[in-house]
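Peer 1: just coords:
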């Protein structure tokens, strides 16, 4: 796995083409399908399946940024998303009027991002001095602590019941919780986050982050403060997680400790690994598979005579299969299939001449 | 033996106590690994622009000495001054930002990146741009600096290739290039010629001898031909201690050195 699997080096031969010409044709087609989806898809697909996919994808993307580029597997990303979501519920209006402050959206949203970023930075500072399994342990510990804290604290987090009736502001007279506006809102946010990660991967910061992953000692010998770079990555990744977290609260119209429980924290890891944790597209593919399984497992399991709550079993088996057979996730399978096709094509043309 | 003394970190680079006038000054450096002293009581000073070779058999403590100078290891005892400033307890990146550079005995490169990107990254490390979220334009000053450096180590033709695909000798050249990024004031070369062909060695000697005169360096080198051609003074190490110091020609003809090092059964390559 290398730093350069994204794109040829920018410092290398400069690509003189327009940005629009550099995007390959399949991406344009994919983009048009997503844009025109509301014509054919029903509300359930737009709101529940696609909306949830984009949200989970963004939270997974923040993990992908840390793990794929920075080599830091963090189980904190759901907590950071939850922190942003909680802040929207606490600072803005909600059904729990005795706790919520009911501030206006243009104060609430920046504050939610900022507080989540501070939370991520503090937790990151704790986690970055550890490596591998210890990073997983320490972030899991913080995630668990935050979960229990929100469940027991009533003065700020409203304890077990959390907050209901947390609705997006009716900007431009649109009800953003209607399926079609919500679909476009999540699609736009997901596209922005995805684009940002792709762009950042080739910026000096992103390049250095990948250098820190591959060879921290050399990076220090080049003048980089490895610890500061890792902590900054946590802060930056919190933006993607927070975007997902806020949209998640709006989608459910509520947030409670269950949203940020340990199993949700692990689901984010599963989503990223199943899709492919090395590339920004991976978490979205993983999220789509996860959401499909979650939503339709009742039918599938019922068909085979199992109870619907066995859906985690399917997810678990799928996770095992991916980890065993394709460490690069579904995207890795796709790469290998394409390489296989190319090899066979080369073999046949080679045989013909 | 002096314990590491923490002095003010407010000193500007090179603006510290200038009384010694040395680029690098080591006093009583000792590094223990458990009960084993890898180096003991090493005192050494190198003037700005001076080129020094460190010789010694395997296990003499040469690389450990480098690691103590760069901060990869903190010395158990002793003092490191860099251009008059006490840097004994500074983390490596703080020393690098003050103009210290090093190369590694075993190439330590970013093999998945192109040659140009490796050098660009090295140029970013010592600039304020290291946290920049904006991709550089082709006319960026750091990209330009990287281009100059690529030329200096004769890798222009291969600048867009992935480092992992380069020949061994080219990787060694890149290793040297990374250490020359930014504005180095003093460089530590750890066996830069190891494994190079005779032609590549000659090339390396040219690169080292044509460095600007203000850049001093210490070179660890087993090949006496390379070491004595690029260095004017020599420090011999043996069992973690300084065994002999002097001008290159003196050391070469010293009978004790000949006995210990040249005739000591250590094959020269």
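Peer 2: That came through fine. In this text the structure is predicted, and so the values were computed from the model without any measurement.

Peer 1: quick one: low-confidence parts of chain A?
Peer 2: A:1-20, A:308, A:350-353 (pLDDT under 70).

Peer 1: switch the cut-off to 50
Peer 2: Applying pLDDT under 50 to chain A flags residues A:1-14, A:352-353.

Peer 1: My read is that residue B:181 contacts residue B:127, right?
Peer 2: No - counting by Cβ atoms under 8 Å, residue B:127 is not a contact partner of residue B:181; they are 9.3 Å apart. Just so you know, the C-beta spots here come from the backbone N, C-alpha and C atoms, and that holds for glycine as well.

Peer 1: Residue B:29 sits in which helix or strand?
Peer 2: According to DSSP states H and E, residue B:29 maps onto strand B:24-33.

Peer 1: How far does that strand sit from its chain's centre?
Peer 2: Centroid separation between strand B:24-33 and its chain, computed with Cα atoms, centre = their mean, to the nearest Å, is 16 Å.

Peer 1: swap in stretch A:180-194?
Peer 2: The chain centroid and the centroid of stretch A:180-194 are separated by 13 Å under Cα atoms, centre = their mean.

Peer 1: Is it in proximity to chain B?
Peer 2: No - using Cβ under 8 Å from any Cβ of the partner chain, stretch A:180-194 never reaches chain B; the gap is at least 14.1 Å.

Peer 1: re the thing from before, with neighbour numbers in mind, choose between residue B:181 and residue B:127.
Peer 2: Neighbours around residue B:181 and residue B:127, counted as other Cβ atoms under 10 Å in any protein chain shown, are more numerous at residue B:181. The numbers are 25 against 16.

Peer 1: Relative to chain A, how far out is that one?
Peer 2: From residue B:181 across to chain A, the span is 7 Å (Cβ to the nearest Cβ, to the nearest Å).

Peer 1: List the residues that contact the spatially closest residue to that residue that is not a sequence neighbour.
Peer 2: Among residues not flanking residue B:181 along the chain, residue B:122 sits closest, at 3.7 Å (Cβ to Cβ, 6 or more residues apart in numbering or on different chains). Residue B:122 makes contact with A:222, B:146, B:149, B:177, B:178, B:181, B:182, according to Cβ atoms under 8 Å, 6 or more residues apart in numbering or on different chains.

Peer 1: Equivalent analysis for residue A:215, please.
Peer 2: B:108, B:109, B:110.

Peer 1: quick check, nearest of those to chain A?
Peer 2: residue B:108 (4.5 Å; Cβ to the nearest Cβ).

Peer 1: Need phi/psi at the closest one.
Peer 2: Taking degrees, to the nearest 10, you get phi -120, psi 80 for the backbone angles of residue B:108.

Peer 1: and it, what does it touch?
Peer 2: A:215, A:217, A:218, A:221, B:175.

Peer 1: Pull up the gap between the first one and residue A:327, please.
Peer 2: What it means is residue A:215. According to Cβ to Cβ, to the nearest Å, residue A:215 and residue A:327 sit 21 Å apart.

Peer 1: again, but for the last one
Peer 2: Using Cβ to Cβ, one obtains 30 Å as the distance from residue B:175 to residue A:327.

Peer 1: more neighbours, those two?
Peer 2: residue B:175 (24 against 13).

Peer 1: Can you show me the helices along chain B?
Peer 2: B:62-70, B:92-97, B:115-125, B:141-152, B:168-179, B:198-209, B:224-230, B:248-253, B:255-257 (DSSP state H).

Peer 1: if you compare those, which one is most tucked away?
Peer 2: helix B:115-125 (a mean of 28; mean count of other Cβ atoms under 10 Å in any protein chain shown).

Peer 1: average model confidence for it?
Peer 2: Here helix B:115-125 scores 89 as its mean pLDDT.

Peer 1: If you compare the directions of it and helix B:168-179, what angle comes out?
Peer 2: Interaxial angle of helix B:115-125 relative to helix B:168-179 (axes from the mean of the first three to the mean of the last three Cα atoms, to 10 degrees): 20 degrees.
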